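**Student:** Sequence and predicted model, in that order:
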Amino acid sequence: MTFAPFERVALIGLGLIGSSLSLGMQRGGLAREIVGTARSEDTRRTAEQIGLVSRAFASAREAVDAADLVILCVPVGVNAALAEEIGPHLRDGAIVTDVGSVKMAVIEAIRPHIPDGVWFVAGHPISGSERTGPEAGFAELFDERWCVLTPDRDTDGDRRATERLTAFWRALGSNVEIMDPAHHDLVLAVTSHLPHLIAYNIVNTATHLERVTDTEVIKFSAGGFRDFTRIAASDPTMWRDVFLNNREATLEMLGRFSEDLSALQRAIRYGDGDAMFEMFSRAQDVRRGIIDAGQDTAEADFGRRAVAGDDERDDKRQADAVGRSRAGE
């Protein structure tokens, strides 16, 4: 089915998600005009220069003027102030959505500022990267990934807005799931928030060991530690706001994790190899399930997209390594 494009889309925030949304919409012809806003003048200038938006405004209230779709691509902690700013300037019939990984707190922050005749449906594209900024985006970011929509009302207008957003995300390449907001927060506490919390903590633990220098941590980092550092390179502001706004679900999952970690600790302490083997096997099955579901691949690079310039840097590193090897022969 052909997607009927939005007339004007306003992107509030032009980082990785906002820039990828713009490129995805341009790829699919999903908007006749895309405008945006960002706090930084440099970001606004870059966004215009590289063609992400036809115009980047200094304020959000200017950007939403006449927009029939407004997408909030900002850390969840600023949503209340932002919604209060743009509320009086939203056009009748417009749809407002967001991309935050917390939904209950976002709905509570935004809903009071949405005027009658404007439709708000919270959303969360489960896609991302540790890279940020307007030049970090790429149109394929949402391809074959999941976007969760969490409508909190069931009027005819809300249902139509949800259907419109469902078609929009599918046109961007995503799979779409409709979910209760509270259930979303619990699920994401397990699949995203807790892993990020563990990654931040284990990287800091490694750097705080007195008998291990920073140089050794970098030089001898194995694949597992490198994966943790990739996750821990994510935007600190965004993740601070996630944990502040999804405390209950995160703490519940952290408690369960601590219990499971204690069980593993006991197995190691008492040499219970059978218990360890069972735990590791269950985890291996989960990994296989993720691959079978198409959410990752079994390749050595995990199917992650190479960023422009990475291939050249890898080639240079390999050439340097070969040169050093031959010099030692």
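**Tutor:** Structure's in. What do you need?

**Student:** What helix or strand is Ser20 located in?
**Tutor:** helix 16-28 (DSSP states H and E).

**Student:** In that helix, which residues are buried?
**Tutor:** Under the neighbour-count criterion of 16 or more other Cβ atoms under 10 Å, helix 16-28 has 16-25 buried. Bear in mind the C-beta positions are built from the backbone N, C-alpha and C, glycine included.

**Student:** just checking, what packs against that helix?
**Tutor:** strand 6-12, strand 31-37 (3 or more Cβ pairs under 8 Å, 6 or more residues apart in numbering; DSSP states H and E).

**Student:** Which among those strands is found nearest to Val286?
**Tutor:** In terms of Cβ to Cβ, the element of the helices and strands packed on helix 16-28 nearest to Val286 is strand 6-12, at 34.8 Å.

**Student:** Please list the outside residues in contact with the closest one.
**Tutor:** Here strand 6-12 makes contact (Cβ atoms under 8 Å, 6 or more residues apart in numbering) with 18, 21-22, 25, 30-37, 52-53, 60, 63-64, 66-74, 82, 86, 168.

**Student:** rewinding a little: with the buried residues of helix 16-28 in mind, which one is nearest to Asp185?
**Tutor:** Ile17 (18.6 Å).

**Student:** tell me the SS of Leu52?
**Tutor:** Three-state call for Leu52 (DSSP: H, G, I helix; E, B strand; the rest coil): coil.

**Student:** quick thing: my sequence starts at 6, can you match it?
**Tutor:** Understood, numbering begins at 6; the last thing we discussed is Leu57.

**Student:** any idea what sits nearest it, other than its immediate chain neighbours?
**Tutor:** Ser27 (4.4 Å; Cβ to Cβ, 6 or more residues apart in numbering).

**Student:** so what's the one you found up against?
**Tutor:** 16, 19, 39, 41, 57-58, 142.

**Student:** again with Val69
**Tutor:** 15, 17, 75, 91, 94-96, 99.

**Student:** so where is the chain shaky, pLDDT-wise?
**Tutor:** 6, 135, 214-228, 300-302, 304-334 (pLDDT under 70).

**Student:** Looking only at residue counts, what's the top helix in it?
**Tutor:** Secondary structure assigned by DSSP state H gives helix 252-274 as the longest helix of the chain.

**Student:** chain center to that helix, what's the gap?
**Tutor:** Here the centre of helix 252-274 is set off from its chain's centre by 25 Å, with Cα atoms, centre = their mean, to the nearest Å.

**Student:** From the contact counts, what lies against the following helix or strand past it?
**Tutor:** Beyond helix 252-274 on the C-terminal side, the first helix or strand identified by DSSP H and E is helix 278-297. Under the contact criterion of 3+ Cβ pairs under 8 Å, 6+ apart, helix 278-297 touches helix 252-274.

**Student:** Could I get the buried residue list for the helix it packs on?
**Tutor:** Buried-residue list, helix 252-274, by 16+ other Cβ under 10 Å: 254-255, 258-259, 272.

**Student:** ok so, going back, tell me which of the helices and strands packed on helix 21-33 sits nearest to Met284.
**Tutor:** Here strand 11-17 is closest among the helices and strands packed on helix 21-33 (Cβ to Cβ), at 43.6 Å.

**Student:** List the neighbouring strands of the closest one plus their orientation.
**Tutor:** Under the criterion DSSP bridges, strand 11-17 sits next to strand 36-42 (parallel), strand 74-77 (parallel) in its sheet.

**Student:** From the rest of the structure, what touches the longest one?
**Tutor:** Taking Cβ under 8 Å, 6+ apart as the criterion, the residues outside strand 36-42 that touch it are 10-19, 23, 27, 30-31, 49, 52, 57-65, 67-68, 72, 74.

**Student:** In ChimeraX, select just the buried ones from those residues.
**Tutor:** To isolate in ChimeraX the members of the contacts of strand 36-42 that are buried, counting by 16+ other Cβ under 10 Å, one can use:
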select :10,11,13,14,15,16,17,18,19,23,27,30,49,52,57,58,61,62,65,68,72,74
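
**Student:** For the stretch 56-205 of the chain, just list every one of the strands.
**Tutor:** With DSSP state E, counting those that start in this stretch, the ranges of strands along the stretch 56-205 of the chain come out as 60-62, 74-77, 100-103, 124-125, 127-130, 151-155, 180-183.

**Student:** pretty sure Ala176 contacts Phe8?
**Tutor:** Yes. Taking Cβ atoms under 8 Å as the definition, Ala176 is a contact partner of Phe8 at 4.1 Å.

**Student:** list residues touching both of those two?
**Tutor:** In contact with both Ala176 and Phe8: 33, 35, using Cβ under 8 Å, 6+ apart.
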